[in-house]
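Colleague: one predicted model, sequence on top.
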Amino acid sequence: MSNDQPPRPSRRGFLKAGGAAVAAGASLGAGLAASQAAQAATAKTAAHSADPQMAVEPFYGTHQGGIVTPQQSHTYVAALDLTTEKREDVIALLRAWTDAAARMTQGNTAAPLPAGGTAQAAQPADNLTDGNADSQAKNQSYSQAAKAAPDSGDVLGLGPCGLTITFGFGPGLFTKDGKDRYGLAARRPAALVDLPRFNGDQLIAQKTGGDLYIQACANDQQVAFHAIRQLSRLASGTAVMRWGQAGFVSGPRGQTPRNLMGFKDGTNNPSTAKPQLMNEFVWAGHTDDAPWMEGGTYTVFRRIRITLEHWDNTEVGFQEQVFGRHKYSGAPIGKKNEFDPVDLKEEDKDGNPVIPENSHVRLSNQASNNGAQILRRSYSYNDSTDFYIERWPPWRQETEYDAGLVFVAHQSDPRKGFIPINDKLAKFDMMNQFTTHVGSAIFAVPPGAKPGSYIGAGLFET
(Lines give C-alpha, C1' and ligand atoms only; values in the text may rest on other atoms or scores of the structure.)
Protein backbone atom coordinates (compact mmCIF):
# COMPACT_ATOMS: atom_id res chain seq x y z
CA MET A 1 0.00 0.00 0.00
CA SER A 2 1.42 3.42 -0.94
CA ASN A 3 2.28 5.90 1.79
CA ASP A 4 0.32 8.73 0.15
CA GLN A 5 -3.07 7.01 0.51
CA PRO A 6 -5.44 9.18 2.60
CA PRO A 7 -6.08 7.82 6.09
CA ARG A 8 -9.35 5.94 6.58
CA PRO A 9 -11.87 8.08 8.47
CA SER A 10 -13.55 6.62 11.51
CA ARG A 11 -17.29 6.07 11.23
CA ARG A 12 -17.84 8.16 14.32
CA GLY A 13 -15.87 11.03 12.82
CA PHE A 14 -17.70 10.84 9.52
CA LEU A 15 -21.13 10.86 11.12
CA LYS A 16 -20.18 13.82 13.27
CA ALA A 17 -18.86 15.90 10.37
CA GLY A 18 -22.20 17.52 9.55
CA GLY A 19 -22.86 18.34 13.22
CA ALA A 20 -19.41 19.85 13.59
CA ALA A 21 -20.05 22.20 10.69
CA VAL A 22 -23.31 23.46 12.23
CA ALA A 23 -21.71 24.03 15.63
CA ALA A 24 -18.83 25.94 14.07
CA GLY A 25 -21.23 28.17 12.18
CA ALA A 26 -22.86 29.24 15.43
CA SER A 27 -19.62 30.36 17.03
CA LEU A 28 -17.57 33.59 16.71
CA GLY A 29 -15.77 33.70 13.40
CA ALA A 30 -18.58 31.57 12.00
CA GLY A 31 -17.77 32.24 8.35
CA LEU A 32 -14.17 31.01 8.53
CA ALA A 33 -14.98 28.13 10.87
CA ALA A 34 -17.88 26.95 8.74
CA SER A 35 -15.73 27.08 5.63
CA GLN A 36 -13.01 25.04 7.29
CA ALA A 37 -15.52 22.54 8.64
CA ALA A 38 -17.16 22.19 5.23
CA GLN A 39 -13.80 21.55 3.61
CA ALA A 40 -13.00 18.93 6.24
CA ALA A 41 -16.39 17.28 5.79
CA THR A 42 -15.94 17.22 2.01
CA ALA A 43 -12.52 15.62 2.37
CA LYS A 44 -13.89 13.02 4.75
CA THR A 45 -16.83 12.29 2.47
CA ALA A 46 -14.50 11.78 -0.50
CA ALA A 47 -12.33 9.40 1.50
CA HIS A 48 -15.44 7.64 2.76
CA SER A 49 -16.80 7.02 -0.73
CA ALA A 50 -13.41 5.72 -1.87
CA ASP A 51 -13.15 3.26 1.00
CA PRO A 52 -15.04 0.00 0.27
CA GLN A 53 -15.24 -0.71 3.99
CA MET A 54 -17.11 2.51 4.68
CA ALA A 55 -19.40 2.43 1.63
CA VAL A 56 -23.12 2.58 2.42
CA GLU A 57 -25.90 1.37 0.14
CA PRO A 58 -29.55 2.37 0.77
CA PHE A 59 -31.95 -0.37 1.81
CA TYR A 60 -35.30 1.32 1.17
CA GLY A 61 -36.19 2.34 -2.36
CA THR A 62 -38.15 1.59 -5.53
CA HIS A 63 -36.06 -1.51 -6.20
CA GLN A 64 -34.19 -3.79 -3.84
CA GLY A 65 -30.44 -3.34 -3.57
CA GLY A 66 -28.00 -5.96 -4.81
CA ILE A 67 -29.53 -6.18 -8.29
CA VAL A 68 -28.16 -3.24 -10.27
CA THR A 69 -25.85 -2.19 -7.43
CA PRO A 70 -22.19 -2.19 -8.57
CA GLN A 71 -20.96 -5.65 -7.68
CA GLN A 72 -19.38 -6.02 -4.25
CA SER A 73 -16.45 -8.37 -3.68
CA HIS A 74 -18.27 -11.03 -1.64
CA THR A 75 -21.66 -12.66 -1.41
CA TYR A 76 -23.48 -15.19 0.71
CA VAL A 77 -26.72 -16.48 -0.76
CA ALA A 78 -29.12 -18.74 1.11
CA ALA A 79 -32.53 -20.33 0.84
CA LEU A 80 -34.85 -21.25 3.70
CA ASP A 81 -37.87 -23.50 3.96
CA LEU A 82 -40.91 -22.30 5.88
CA THR A 83 -42.03 -24.55 8.74
CA THR A 84 -44.93 -22.51 10.06
CA GLU A 85 -48.50 -23.00 8.89
CA LYS A 86 -49.54 -19.48 9.88
CA ARG A 87 -49.66 -16.60 7.42
CA GLU A 88 -49.17 -14.08 10.22
CA ASP A 89 -45.89 -15.77 11.15
CA VAL A 90 -44.57 -15.23 7.63
CA ILE A 91 -45.55 -11.56 7.74
CA ALA A 92 -43.94 -11.15 11.16
CA LEU A 93 -40.73 -12.70 9.84
CA LEU A 94 -40.65 -10.40 6.81
CA ARG A 95 -41.16 -7.40 9.07
CA ALA A 96 -38.33 -8.52 11.35
CA TRP A 97 -36.08 -9.19 8.36
CA THR A 98 -36.82 -5.77 6.88
CA ASP A 99 -36.01 -3.96 10.11
CA ALA A 100 -32.81 -5.95 10.66
CA ALA A 101 -31.67 -5.58 7.04
CA ALA A 102 -32.26 -1.83 7.10
CA ARG A 103 -30.05 -1.58 10.19
CA MET A 104 -27.26 -3.85 8.95
CA THR A 105 -26.93 -2.16 5.56
CA GLN A 106 -26.17 1.07 7.43
CA GLY A 107 -23.38 -0.60 9.39
CA ASN A 108 -25.42 -1.26 12.54
CA THR A 109 -26.09 -4.49 14.38
CA ALA A 110 -29.21 -6.47 13.48
CA ALA A 111 -30.86 -5.18 16.68
CA PRO A 112 -29.77 -2.52 19.18
CA LEU A 113 -27.14 -3.70 21.64
CA PRO A 114 -27.76 -3.35 25.38
CA ALA A 115 -27.01 0.03 26.92
CA GLY A 116 -23.32 0.29 27.70
CA GLY A 117 -22.49 -2.40 25.16
CA THR A 118 -22.59 -5.29 27.61
CA ALA A 119 -25.30 -7.87 28.14
CA GLN A 120 -26.28 -9.10 31.58
CA ALA A 121 -24.86 -12.57 32.01
CA ALA A 122 -27.04 -15.37 33.32
CA GLN A 123 -26.25 -16.54 36.82
CA PRO A 124 -24.77 -20.04 37.12
CA ALA A 125 -27.32 -22.71 37.86
CA ASP A 126 -26.91 -24.77 41.02
CA ASN A 127 -28.62 -27.74 42.62
CA LEU A 128 -30.25 -28.71 39.35
CA THR A 129 -31.18 -32.15 40.60
CA ASP A 130 -31.41 -31.81 44.35
CA GLY A 131 -35.17 -31.46 44.35
CA ASN A 132 -34.99 -28.20 46.25
CA ALA A 133 -38.03 -26.18 45.20
CA ASP A 134 -36.37 -22.82 45.85
CA SER A 135 -33.30 -23.75 43.77
CA GLN A 136 -35.44 -25.03 40.91
CA ALA A 137 -37.47 -21.84 40.92
CA LYS A 138 -34.25 -19.77 40.83
CA ASN A 139 -32.87 -21.84 37.98
CA GLN A 140 -36.08 -21.37 36.00
CA SER A 141 -35.90 -17.64 36.63
CA TYR A 142 -32.27 -17.54 35.47
CA SER A 143 -33.15 -19.51 32.35
CA GLN A 144 -35.95 -17.12 31.45
CA ALA A 145 -33.78 -14.07 32.11
CA ALA A 146 -30.86 -15.34 30.07
CA LYS A 147 -31.46 -14.33 26.50
CA ALA A 148 -29.20 -14.64 23.51
CA ALA A 149 -27.38 -11.47 22.52
CA PRO A 150 -29.31 -9.42 19.93
CA ASP A 151 -26.40 -9.74 17.49
CA SER A 152 -23.44 -12.11 17.17
CA GLY A 153 -21.10 -9.12 17.26
CA ASP A 154 -18.54 -10.53 14.86
CA VAL A 155 -18.59 -7.48 12.58
CA LEU A 156 -18.36 -4.74 15.18
CA GLY A 157 -15.99 -2.09 13.87
CA LEU A 158 -15.89 -3.39 10.31
CA GLY A 159 -18.14 -0.72 8.80
CA PRO A 160 -21.10 -1.10 6.40
CA CYS A 161 -18.84 -2.46 3.60
CA GLY A 162 -21.43 -1.61 0.94
CA LEU A 163 -23.75 -4.33 2.26
CA THR A 164 -26.93 -5.00 0.30
CA ILE A 165 -29.54 -7.56 1.31
CA THR A 166 -32.00 -8.87 -1.26
CA PHE A 167 -35.04 -11.03 -0.50
CA GLY A 168 -37.04 -13.32 -2.76
CA PHE A 169 -39.94 -15.78 -2.71
CA GLY A 170 -39.74 -19.30 -4.10
CA PRO A 171 -42.63 -21.34 -5.54
CA GLY A 172 -43.05 -23.08 -2.17
CA LEU A 173 -44.34 -19.90 -0.58
CA PHE A 174 -47.39 -20.09 -2.84
CA THR A 175 -48.04 -23.82 -3.07
CA LYS A 176 -46.19 -26.74 -1.54
CA ASP A 177 -47.05 -30.42 -1.88
CA GLY A 178 -50.31 -29.33 -3.48
CA LYS A 179 -51.29 -27.21 -0.49
CA ASP A 180 -51.95 -23.47 -0.38
CA ARG A 181 -50.53 -22.89 3.10
CA TYR A 182 -50.87 -19.12 3.27
CA GLY A 183 -53.71 -18.26 0.90
CA LEU A 184 -51.26 -16.99 -1.73
CA ALA A 185 -51.64 -19.55 -4.52
CA ALA A 186 -53.80 -17.26 -6.63
CA ARG A 187 -51.15 -14.52 -6.40
CA ARG A 188 -48.28 -16.58 -7.71
CA PRO A 189 -46.85 -14.82 -10.76
CA ALA A 190 -47.11 -16.75 -14.01
CA ALA A 191 -43.45 -15.88 -14.59
CA LEU A 192 -42.44 -17.73 -11.40
CA VAL A 193 -42.31 -21.08 -13.16
CA ASP A 194 -40.72 -24.26 -11.92
CA LEU A 195 -37.42 -24.56 -13.75
CA PRO A 196 -37.28 -27.52 -16.14
CA ARG A 197 -34.59 -30.14 -15.91
CA PHE A 198 -31.89 -29.11 -18.34
CA ASN A 199 -29.64 -31.46 -20.25
CA GLY A 200 -26.72 -32.53 -18.07
CA ASP A 201 -28.18 -31.32 -14.76
CA GLN A 202 -26.86 -33.25 -11.76
CA LEU A 203 -28.81 -31.39 -9.10
CA ILE A 204 -28.20 -31.99 -5.41
CA ALA A 205 -31.31 -31.62 -3.25
CA GLN A 206 -29.32 -29.86 -0.52
CA LYS A 207 -28.35 -27.13 -3.01
CA THR A 208 -31.69 -26.77 -4.81
CA GLY A 209 -35.02 -25.01 -4.24
CA GLY A 210 -36.24 -23.03 -1.24
CA ASP A 211 -39.29 -21.05 -0.10
CA LEU A 212 -37.42 -17.86 0.82
CA TYR A 213 -34.24 -16.38 -0.62
CA ILE A 214 -31.64 -14.07 0.91
CA GLN A 215 -28.72 -12.60 -1.00
CA ALA A 216 -26.19 -10.63 1.02
CA CYS A 217 -23.42 -8.85 -0.89
CA ALA A 218 -20.65 -6.82 0.73
CA ASN A 219 -17.07 -5.70 0.34
CA ASP A 220 -16.11 -7.97 3.23
CA GLN A 221 -16.71 -11.70 3.48
CA GLN A 222 -17.57 -11.63 7.16
CA VAL A 223 -20.09 -8.82 6.77
CA ALA A 224 -22.00 -10.78 4.10
CA PHE A 225 -22.01 -13.97 6.18
CA HIS A 226 -22.96 -12.06 9.33
CA ALA A 227 -26.09 -10.72 7.63
CA ILE A 228 -27.25 -14.22 6.70
CA ARG A 229 -26.54 -15.51 10.22
CA GLN A 230 -28.63 -12.83 11.88
CA LEU A 231 -31.54 -13.18 9.47
CA SER A 232 -31.48 -16.97 9.75
CA ARG A 233 -31.59 -16.72 13.53
CA LEU A 234 -34.56 -14.37 13.36
CA ALA A 235 -36.37 -17.09 11.39
CA SER A 236 -36.14 -19.60 14.23
CA GLY A 237 -39.52 -21.28 14.70
CA THR A 238 -40.77 -20.02 11.34
CA ALA A 239 -38.24 -21.22 8.75
CA VAL A 240 -35.10 -23.34 8.58
CA MET A 241 -32.01 -23.07 6.42
CA ARG A 242 -32.13 -25.20 3.27
CA TRP A 243 -28.81 -24.25 1.70
CA GLY A 244 -26.19 -21.53 1.74
CA GLN A 245 -23.36 -20.62 -0.59
CA ALA A 246 -20.49 -18.15 -0.27
CA GLY A 247 -18.90 -16.49 -3.28
CA PHE A 248 -16.31 -13.90 -4.25
CA VAL A 249 -15.06 -11.80 -7.15
CA SER A 250 -11.63 -10.27 -7.56
CA GLY A 251 -10.30 -7.52 -9.76
CA PRO A 252 -9.91 -3.75 -10.10
CA ARG A 253 -13.02 -1.75 -9.27
CA GLY A 254 -15.02 -0.76 -12.32
CA GLN A 255 -13.62 -3.54 -14.47
CA THR A 256 -15.23 -6.81 -15.52
CA PRO A 257 -14.13 -9.51 -13.03
CA ARG A 258 -12.62 -12.81 -14.12
CA ASN A 259 -14.03 -16.19 -13.17
CA LEU A 260 -11.95 -19.17 -12.05
CA MET A 261 -11.48 -20.19 -15.67
CA GLY A 262 -9.51 -16.97 -16.17
CA PHE A 263 -12.03 -15.27 -18.49
CA LYS A 264 -13.91 -12.04 -17.93
CA ASP A 265 -17.45 -12.76 -16.80
CA GLY A 266 -20.34 -10.39 -17.57
CA THR A 267 -18.97 -8.37 -20.50
CA ASN A 268 -22.18 -8.66 -22.51
CA ASN A 269 -24.53 -7.67 -19.68
CA PRO A 270 -27.14 -5.03 -20.49
CA SER A 271 -25.87 -1.74 -19.08
CA THR A 272 -27.25 -1.00 -15.62
CA ALA A 273 -26.63 2.68 -16.41
CA LYS A 274 -29.39 2.62 -19.04
CA PRO A 275 -32.85 2.62 -17.40
CA GLN A 276 -34.57 1.65 -20.64
CA LEU A 277 -32.55 -1.59 -20.79
CA MET A 278 -33.27 -2.35 -17.14
CA ASN A 279 -36.99 -1.81 -17.71
CA GLU A 280 -36.91 -4.07 -20.74
CA PHE A 281 -34.78 -6.92 -19.47
CA VAL A 282 -34.55 -6.78 -15.66
CA TRP A 283 -37.47 -5.10 -13.89
CA ALA A 284 -40.84 -6.82 -13.88
CA GLY A 285 -43.63 -4.72 -15.31
CA HIS A 286 -47.25 -4.51 -14.24
CA THR A 287 -49.20 -7.71 -14.84
CA ASP A 288 -52.78 -8.56 -13.89
CA ASP A 289 -51.75 -11.82 -12.22
CA ALA A 290 -49.07 -10.23 -10.00
CA PRO A 291 -49.31 -6.44 -9.77
CA TRP A 292 -47.31 -6.64 -6.52
CA MET A 293 -44.21 -7.64 -8.53
CA GLU A 294 -43.99 -4.40 -10.52
CA GLY A 295 -40.49 -3.03 -9.99
CA GLY A 296 -39.19 -6.39 -8.84
CA THR A 297 -37.28 -9.03 -10.77
CA TYR A 298 -36.99 -12.80 -11.18
CA THR A 299 -33.77 -14.32 -9.94
CA VAL A 300 -32.29 -17.64 -11.01
CA PHE A 301 -29.56 -19.27 -8.93
CA ARG A 302 -27.34 -22.05 -10.26
CA ARG A 303 -24.38 -23.63 -8.51
CA ILE A 304 -22.04 -24.67 -11.32
CA ARG A 305 -19.10 -26.87 -10.50
CA ILE A 306 -16.08 -26.51 -12.80
CA THR A 307 -13.51 -29.28 -13.27
CA LEU A 308 -10.56 -26.93 -12.96
CA GLU A 309 -8.08 -29.81 -13.11
CA HIS A 310 -9.31 -30.63 -16.61
CA TRP A 311 -9.58 -26.99 -17.69
CA ASP A 312 -6.10 -26.05 -16.48
CA ASN A 313 -4.55 -28.72 -18.71
CA THR A 314 -6.08 -27.46 -21.95
CA GLU A 315 -4.27 -25.04 -24.25
CA VAL A 316 -5.29 -21.39 -24.27
CA GLY A 317 -6.29 -21.49 -27.94
CA PHE A 318 -8.84 -24.20 -27.26
CA GLN A 319 -10.12 -22.36 -24.18
CA GLU A 320 -10.72 -19.31 -26.35
CA GLN A 321 -12.66 -21.41 -28.85
CA VAL A 322 -14.84 -22.65 -25.97
CA PHE A 323 -15.61 -19.12 -24.80
CA GLY A 324 -15.52 -17.33 -28.13
CA ARG A 325 -13.29 -14.64 -26.63
CA HIS A 326 -9.60 -13.97 -26.24
CA LYS A 327 -8.59 -14.93 -22.73
CA TYR A 328 -6.39 -12.05 -21.72
CA SER A 329 -8.04 -9.05 -23.40
CA GLY A 330 -11.61 -10.31 -23.12
CA ALA A 331 -12.22 -9.26 -26.73
CA PRO A 332 -14.37 -11.39 -29.04
CA ILE A 333 -12.22 -13.68 -31.19
CA GLY A 334 -10.85 -11.60 -34.06
CA LYS A 335 -11.23 -8.31 -32.16
CA LYS A 336 -8.86 -6.31 -29.97
CA ASN A 337 -10.91 -4.81 -27.13
CA GLU A 338 -13.23 -6.34 -24.56
CA PHE A 339 -16.28 -4.31 -25.54
CA ASP A 340 -15.87 -4.57 -29.29
CA PRO A 341 -19.16 -5.86 -30.74
CA VAL A 342 -19.50 -9.60 -31.25
CA ASP A 343 -19.69 -10.30 -34.98
CA LEU A 344 -21.40 -13.65 -35.42
CA LYS A 345 -21.27 -13.40 -39.23
CA GLU A 346 -17.52 -12.98 -39.54
CA GLU A 347 -15.74 -15.88 -41.27
CA ASP A 348 -12.09 -16.89 -41.66
CA LYS A 349 -10.33 -17.41 -44.99
CA ASP A 350 -11.75 -20.94 -45.24
CA GLY A 351 -15.33 -19.78 -44.74
CA ASN A 352 -15.61 -21.00 -41.16
CA PRO A 353 -17.17 -18.83 -38.44
CA VAL A 354 -14.50 -16.90 -36.55
CA ILE A 355 -16.56 -17.40 -33.40
CA PRO A 356 -17.32 -21.16 -33.27
CA GLU A 357 -20.90 -22.34 -33.68
CA ASN A 358 -20.90 -24.05 -30.28
CA SER A 359 -18.95 -21.42 -28.35
CA HIS A 360 -20.43 -19.96 -25.19
CA VAL A 361 -20.49 -16.41 -26.53
CA ARG A 362 -22.36 -17.31 -29.71
CA LEU A 363 -24.98 -19.48 -28.01
CA SER A 364 -25.68 -16.98 -25.22
CA ASN A 365 -25.58 -13.89 -27.40
CA GLN A 366 -28.66 -11.70 -27.70
CA ALA A 367 -28.68 -12.19 -31.48
CA SER A 368 -28.95 -15.96 -31.00
CA ASN A 369 -31.84 -15.73 -28.53
CA ASN A 370 -34.52 -13.59 -30.15
CA GLY A 371 -33.10 -10.46 -28.56
CA ALA A 372 -33.36 -11.79 -24.99
CA GLN A 373 -30.91 -10.67 -22.32
CA ILE A 374 -30.39 -11.38 -18.63
CA LEU A 375 -28.37 -9.51 -16.03
CA ARG A 376 -25.64 -11.80 -14.74
CA ARG A 377 -24.34 -10.97 -11.26
CA SER A 378 -22.30 -14.06 -10.60
CA TYR A 379 -19.53 -14.94 -8.15
CA SER A 380 -16.87 -17.62 -7.97
CA TYR A 381 -16.82 -20.15 -5.16
CA ASN A 382 -14.12 -22.37 -3.67
CA ASP A 383 -15.36 -24.88 -1.11
CA SER A 384 -12.02 -26.67 -0.65
CA THR A 385 -11.79 -30.22 -2.06
CA ASP A 386 -13.60 -33.53 -2.02
CA PHE A 387 -12.93 -37.06 -3.18
CA TYR A 388 -14.18 -37.95 -6.64
CA ILE A 389 -14.87 -41.43 -7.97
CA GLU A 390 -15.92 -42.32 -11.51
CA ARG A 391 -17.94 -45.50 -11.91
CA TRP A 392 -17.12 -45.83 -15.60
CA PRO A 393 -13.86 -45.93 -17.62
CA PRO A 394 -11.26 -44.73 -16.84
CA TRP A 395 -12.53 -45.15 -13.25
CA ARG A 396 -10.68 -42.18 -11.84
CA GLN A 397 -10.32 -41.84 -8.09
CA GLU A 398 -8.81 -38.56 -6.97
CA THR A 399 -9.21 -35.47 -4.86
CA GLU A 400 -10.60 -32.52 -6.82
CA TYR A 401 -11.45 -28.91 -6.15
CA ASP A 402 -15.05 -28.26 -5.20
CA ALA A 403 -15.01 -24.91 -6.95
CA GLY A 404 -16.90 -23.12 -9.66
CA LEU A 405 -19.49 -20.44 -10.27
CA VAL A 406 -22.32 -19.05 -8.14
CA PHE A 407 -24.46 -18.10 -11.13
CA VAL A 408 -27.05 -15.45 -10.29
CA ALA A 409 -29.16 -13.92 -13.06
CA HIS A 410 -31.92 -11.31 -12.83
CA GLN A 411 -34.57 -10.82 -15.52
CA SER A 412 -38.06 -9.50 -16.11
CA ASP A 413 -39.37 -12.92 -17.18
CA PRO A 414 -37.39 -16.19 -16.97
CA ARG A 415 -39.63 -17.75 -19.62
CA LYS A 416 -38.09 -15.33 -22.13
CA GLY A 417 -34.67 -15.02 -20.48
CA PHE A 418 -32.84 -17.71 -18.60
CA ILE A 419 -34.90 -20.75 -19.59
CA PRO A 420 -34.58 -20.57 -23.41
CA ILE A 421 -30.98 -19.33 -23.21
CA ASN A 422 -29.87 -22.07 -20.84
CA ASP A 423 -31.80 -24.73 -22.73
CA LYS A 424 -29.65 -23.95 -25.77
CA LEU A 425 -26.45 -23.81 -23.75
CA ALA A 426 -27.19 -27.10 -21.98
CA LYS A 427 -27.52 -28.88 -25.32
CA PHE A 428 -24.76 -27.37 -27.44
CA ASP A 429 -22.24 -25.37 -25.38
CA MET A 430 -18.64 -26.66 -25.62
CA MET A 431 -18.19 -25.52 -22.04
CA ASN A 432 -20.36 -28.39 -20.80
CA GLN A 433 -17.39 -30.74 -20.87
CA PHE A 434 -15.92 -28.69 -18.02
CA THR A 435 -19.03 -27.69 -16.02
CA THR A 436 -21.83 -29.42 -14.13
CA HIS A 437 -24.91 -27.70 -12.71
CA VAL A 438 -25.40 -29.13 -9.21
CA GLY A 439 -27.68 -26.54 -7.58
CA SER A 440 -30.71 -24.64 -8.86
CA ALA A 441 -33.47 -22.33 -7.65
CA ILE A 442 -35.80 -19.59 -8.87
CA PHE A 443 -37.32 -16.73 -6.89
CA ALA A 444 -39.68 -13.80 -7.34
CA VAL A 445 -37.81 -10.81 -5.93
CA PRO A 446 -40.36 -8.11 -5.05
CA PRO A 447 -39.72 -4.37 -5.37
CA GLY A 448 -38.04 -2.45 -2.60
CA ALA A 449 -39.76 -1.65 0.67
CA LYS A 450 -40.88 1.75 1.88
CA PRO A 451 -39.88 3.01 5.33
CA GLY A 452 -42.42 1.79 7.85
CA SER A 453 -43.46 -1.11 5.63
CA TYR A 454 -41.75 -4.43 4.85
CA ILE A 455 -40.43 -6.48 1.96
CA GLY A 456 -43.26 -8.18 0.06
CA ALA A 457 -46.03 -6.14 1.66
CA GLY A 458 -47.81 -5.84 -1.68
CA LEU A 459 -48.17 -9.62 -1.89
CA PHE A 460 -49.78 -9.98 1.53
CA GLU A 461 -51.81 -6.77 1.76
CA THR A 462 -53.40 -6.36 -1.67
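Modeller: On my side now, so go ahead.
Colleague: partner strands of the top strand by length along the chain and their direction?
Modeller: In terms of residue count, the longest strand belonging to the chain (DSSP state E) is strand 397-411. The strands beside strand 397-411 in its sheet (DSSP bridges) come out as strand 297-306 (antiparallel), strand 375-376 (antiparallel), strand 379-389 (antiparallel).
Colleague: and those as JSON lines, adding mean pLDDT and distance to residue 400?
Modeller: The way it works is simple: take the backbone N, C-alpha and C, and place the C-beta from them, glycine included. Putting those into JSON lines (pLDDT from 0 to 100; distance: least, CB to CB, whole Å) gives the following:
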{"stretch": "strand 297-306", "mean pLDDT": "97", "distance to residue 400": "9"}
{"stretch": "strand 375-376", "mean pLDDT": "98", "distance to residue 400": "25"}
{"stretch": "strand 379-389", "mean pLDDT": "89", "distance to residue 400": "5"}
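Colleague: that older thread, quick check: next helix or strand after the longest strand of the chain?
Modeller: Beyond strand 397-411 on the C-terminal side, the first helix or strand identified by DSSP states H and E is helix 418-428.
Colleague: what does that following helix contact?
Modeller: Contacts with helix 418-428, where a contact means CB atoms under 8 Å, 6 or more residues apart in numbering, come from 193, 195-196, 198-201, 300, 358, 360, 363-364, 368-370, 372, 374, 409, 411, 431-432, 437.
Colleague: repeat that for stretch 153-161.
Modeller: If you take CB under 8 Å, 6+ apart as the criterion, stretch 153-161 is touched by 11, 51-57, 72, 105-107, 109, 113, 218-220, 222-223, 226.
Colleague: could you rerun that using 7 Å?
Modeller: Contacts of stretch 153-161 with the rest of the structure, by CB atoms under 7 Å, 6 or more residues apart in numbering, involve 11, 52-56, 105-107, 218-220, 222-223, 226.
Colleague: out of those, who's the most crowded?
Modeller: Comparing the contacts of stretch 153-161 by number of neighbours (other CB atoms under 10 Å), residue 218 comes first, having 32 neighbours.
Colleague: tell me the pLDDT of it.
Modeller: At residue 218 the predicted local distance difference test score is 98.
Colleague: wait, it sits on residue 163?
Modeller: Yes. Residue 218 is in contact with residue 163 according to CB atoms under 7 Å; the separation is 4.3 Å.
Colleague: just to revisit the earlier point, now the longest strand of the chain against helix 418-428, angle please.
Modeller: Interaxial angle of strand 397-411 relative to helix 418-428 (axes from the mean of the first three to the mean of the last three CA atoms, to 10 degrees): 150 degrees.
Colleague: for strand 397-411, what is the distance to the chain centroid?
Modeller: Relative to its chain's centre, strand 397-411 lies at 15 Å (CA atoms, centre = their mean, to the nearest Å).
Colleague: again with stretch 219-226
Modeller: Relative to the chain's own centre, stretch 219-226 is displaced by 11 Å; criterion: CA atoms, centre = their mean.
Colleague: what number of residues lie near the nearest residue to residue 297 once chain neighbours are set aside?
Modeller: The shortest distance from residue 297 to any residue that is not its chain neighbour, by CB to CB, 6 or more residues apart in numbering, is 4.5 Å, and that residue is residue 410. Residue neighbour count, defined by other CB under 10 Å, stands at 26 for residue 410.
Colleague: can you list which of the contacts of helix 418-428 are found in strands?
Modeller: Within the contacts of helix 418-428, membership in strands is found for 300, 409, 411, 437, as judged by DSSP E.
Colleague: beta partners for residue 380?
Modeller: Beta-bridge partners of residue 380, counted by DSSP bridges, are residue 248, residue 405.
Colleague: and it, how far from residue 415?
Modeller: According to CB to CB, to the nearest Å, residue 380 stands 28 Å off from residue 415.
Colleague: returning to what we had before: nearest to residue 83, out of the strands paired with strand 397-411?
Modeller: When these are compared by CB to CB, strand 297-306 sits nearest residue 83, at 21.3 Å.
Colleague: output the contacting helices and strands for the following helix or strand past the closest one.
Modeller: Note on strand 297-306: by DSSP H and E, the next helix or strand toward the C-terminus is helix 308-311. For helix 308-311, the contact count by 3 or more CB pairs under 7 Å, 6 or more residues apart in numbering; DSSP states H and E identifies strand 397-411 as packing neighbours.
Colleague: buried stuff in the strand it packs on?
Modeller: When burial is assessed from 16 or more other CB atoms under 10 Å, strand 397-411 yields the following buried residues: 401, 403-411.
Colleague: which of these sit farthest apart?
Modeller: Between all members of the buried residues of strand 397-411, the farthest pair (by CB to CB) comes out as 401 and 411, at 29.9 Å.
Colleague: if we can go back for a sec, give me the mean pLDDT for the longest strand of the chain.
Modeller: Mean pLDDT, computed over strand 397-411, is 94.
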